[in-house]
Every structure is written in structure tokens, then in C-alpha cells.
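1. Using only what follows, build the 3D model:
(one chain, ligands or ions: 2)
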Amino acid sequence: MERVAHLLSESPEETELLGEALGRLLEAGQAVALAGELGAGKTCLVRGLARGLGVDPSVYVSSPTFTLLNQHQGRLTLHHLDLYRLGDPDELVEVGFDDCLRGDGVTVIEWMDRFPSEAPPERIEVTLAFAEAEDARRLEVRASGEGHLRVARRWAALAPRVVAPR
Ligand SMILES: Nc1ncnc2c1ncn2[C@@H]1O[C@H](COP(=O)(O)OP(=O)(O)O)[C@@H](O)[C@H]1O
Ligand SMILES: [Mg+2]
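-> Numbering: from 1, shown residues only. Ligands and ions are numbered 1, 2, ... in the order given. Here you go, the predicted structure:
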């Protein structure tokens, strides 16, 4: 996993815009693993990402906390997973996680850090954390694999607020 950038978002709208920019850049078969506490902004980022992938803006993207997997059709299919309530990694097999990763859509996983050994080896990883101001969040971006690194670097280059790592 290579460190790519530290980004700062100062509002939910800004996090969505960051997600949208990433959604425009993602390529078929790529995966994004999201980490960070409840309320850190993972779903907010995915909401923007969906828009960037061309998912119908009238679709409201929410955490698939109970369903584990939501899928939305866009320029590429978005497979959106949330592992918050996952008890056993075997459930991932049942839900078709491997098919998502092998297919030509984009797979985005909230709470991937709960099951690190199940994470796809090549991925963009975004860890969101609460920052000083109430509506501020830090996004630590890392990536592994040539294609994912390229997209992550392009994304970071577009981001309005790249901050120094702490
Ligand atoms: N800069 C920010 N980025 C994202 N969300 C923010 C930000 N500032 C405040 N918020 C709020 O934090 C909450 C994030 O919720 P959500 O995206 O569902 O988090 P998670 O999926 O990580 O649990 C929302 O209520 C959102 O309005
Ligand atoms: Mg969420």
C-alpha cells in the first residue's frame, strides 16, 4: 500500500465532490476500500462517487448496512458494500463479493478495515477521520497496484485541498 495524499474536506458537499471526481476516474474492475468511524463520511463519499460514475442522480445512495450489497447502474456498475454488520467473512462469498471484484464494474466497500484479510490486494484505500472543525474530515489516500495508483494520483491532483500529513 503506497501513500498517495492527505486530503481535507470542510463540508459534506465537499466530500461528495471529492467522491464525484473519483467516480469519474475509476476504471472497470477497480475497487475502493473505505475505513473510518461511524459518521466519518464514507457513505457521503460514495454518494458523490455514484454521481461521478453516472448513476441516476435521483437514486439516493445509502449505506447497505443490512443488505450488505447495493448495486447501481452507471457508466460502470457500482457494487456498494458495507461490512459494518458482517459477522463472518463467509457471508461475503454468499453475497457475491468475488463476482463483484472480478466483474467490470466498480466495487466500493465501507468498513473494509473490519476484515482486512478479505480486502482485494489491488485497491484505492481511503481512511476518513474527524478533523478539528465539526464539518471537517481528513482523507488519507493510499493505493496498491499500478492501475489503482495511477487513478489515485490523478484524483489527488484534482483535489482542491491537499494537506500535509500529520
Ligand atoms: N466534511 C464532511 N464530510 C462528510 N460528512 C460530513 C462532513 N461534515 C459533516 N458531515 C456529516 O457527517 C455524516 C457522515 O455520515 P456518513 O457519510 O453516513 O458516514 P459513514 O458512512 O462514514 O458512517 C453526515 O451526517 C454528514 O452530513
Ligand atoms: Mg456508511
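
2. What residues does this protein have near ligand 2?
-> 42-43, 63, 110 (Cβ under 5 Å from the ion). No exception for glycine: its C-beta is placed from N, CA and C like everyone else's.

3. now, the most widely separated pair of those residues?
-> The largest separation in those, counting by Cβ to Cβ, is between Lys42 and Ser63 at 7.6 Å.

4. Find the residues that touch each one of these two.
-> Listed as contacting both Lys42 and Ser63 by Cβ atoms under 8 Å, 6 or more residues apart in numbering are Glu110.

5. Among these two, which residue is more densely surrounded?
-> The neighbour comparison of Lys42 against Ser63 (other Cβ atoms under 10 Å) goes to Lys42, with 27 against 18.

6. So which of the residues of the chain next to ligand 2 are in helices?
-> Within the residues of the chain next to ligand 2, residues falling in helices by DSSP state H are 42-43.

7. Now tabulate the residues of the chain next to ligand 2 in a markdown table and tack on distance to Ala152 and pLDDT.
-> Supplementary listing: those in a markdown table, determined by distance: Cβ to Cβ, whole Å; pLDDT from 0 to 100:
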| residue | distance to Ala152 | pLDDT |
| --- | --- | --- |
| Lys42 | 17 | 98 |
| Thr43 | 20 | 98 |
| Ser63 | 23 | 92 |
| Glu110 | 18 | 97 |
